[in-house]
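Asker: Have a look at this fold, sequence not included:
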């Protein structure tokens, strides 16, 4: 069997839960973007080149208010700062991937990260293509949902207030599933406590980066204890 086809067949079942979420989330994003006067071409291009669910929802208001490069850059850093830590944890996973690595970095969303860090390619399946197709399929779902939502939004007219909450809802579902499946809840408790404390200390607009730093330091300090509990 062709190496790519074999990897695709192994990757596809793992992405089905993401498919259901991304189609709905992408549709919500497309509808929201269309409500601000942007066509399906904008939905497609932003989903291909930005491809950051939470930031894409934020970008709708940035586009509607008038684009300011410096502010947009700072806001992107604040909203997606967690990807800095995702990237660090994936260094060993992406080692030896070759030319696929830049795209794997681009396509590292929360849901893709969750699959990649918890999954190993089956025996006989090429690791590089396996990781590549998981990432690619997830992005295809998001782009498709965005275009679908934008097209639907041009025909359906309703109040879109609160529609961006679907992204928060997906995060909650992923959190609950990981809590149930994880034998050790210590990393989760560290993340929750650090986020709550930093939220109180720094406020809702500035707590993301400090909480990520605290989480990284805490996990590093308690690494041996965490690993021992996982055994």
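Answerer: The structure has been received and is ready for your questions. Computed from a prediction, not measured in an experiment: that's the story for all the values here.
Asker: Kindly list the longest helix within this structure.
Answerer: Across the chain, the longest stretch assigned as helix under DSSP state H is helix 3-35.
Asker: From the chain's centroid, how far away is that helix?
Answerer: For helix 3-35, the separation from the chain centroid amounts to 12 Å (computed by Cα atoms, centre = their mean, to the nearest Å).
Asker: Okay, helices next: where are they in the protein?
Answerer: For the chain, the helices defined by DSSP H cover 3-35, 40-49, 53-65, 69-79, 82-89, 101-106, 110-118, 127-155, 165-181, 186-202, 208-221, 223-230.
Asker: and residue 95, which of these is closest to it?
Answerer: Nearest to residue 95, of all the helices of the chain, is helix 101-106, at 8.9 Å by Cβ to Cβ. For the C-beta atoms, the positions are set from N, CA and C on the backbone; glycine is no exception.
Asker: got the contact list for that closest one?
Answerer: 51, 87, 90, 94, 97, 131, 132, 135, 136 (Cβ atoms under 8 Å, 6 or more residues apart in numbering).
Asker: Name the nearest of those residues relative to residue 18.
Answerer: Nearest member of these to residue 18, counting by Cβ to Cβ, is residue 135, at 10.5 Å.
Asker: Could you report the neighbour count for that closest one?
Answerer: 25 (other Cβ atoms under 10 Å).
Asker: Contact partners for the closest residue to it other than its chain neighbours?
Answerer: Leaving out its chain neighbours, the residue that sits closest to residue 135 by Cβ to Cβ, 6 or more residues apart in numbering is residue 107, at 3.8 Å. Residues in contact with residue 107 (Cβ under 8 Å, 6+ apart) are 51, 135, 136, 138, 139.
Asker: farthest-separated two in those residues?
Answerer: Largest separation among the contacts of residue 107 by Cβ to Cβ: 51 and 136, giving 11.2 Å.
Asker: coming back round to it: so among the contacts of helix 101-106, which ones count as buried?
Answerer: Applying 16 or more other Cβ atoms under 10 Å to the contacts of helix 101-106, the neighbour count classes 51, 90, 94, 97, 131, 132, 135, 136 as buried.
Asker: Adding pLDDT, write the contacts of residue 107 out as CSV.
Answerer: As requested, the contacts of residue 107 are exported to CSV (pLDDT from 0 to 100):
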residue, pLDDT
51, 88
135, 94
136, 95
138, 95
139, 95
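Asker: So which of those is the closest to residue 57?
Answerer: Scanning those for proximity to residue 57, where the rule is Cβ to Cβ, the winner is residue 51, at 12.6 Å.
Asker: Could you count how many residues lie near the closest residue to that closest one other than its chain neighbours?
Answerer: Closest residue to residue 51 apart from its sequence neighbours, by Cβ to Cβ, 6+ apart: residue 139 at 6.0 Å. Neighbours of residue 139 under the rule other Cβ under 10 Å: 20.
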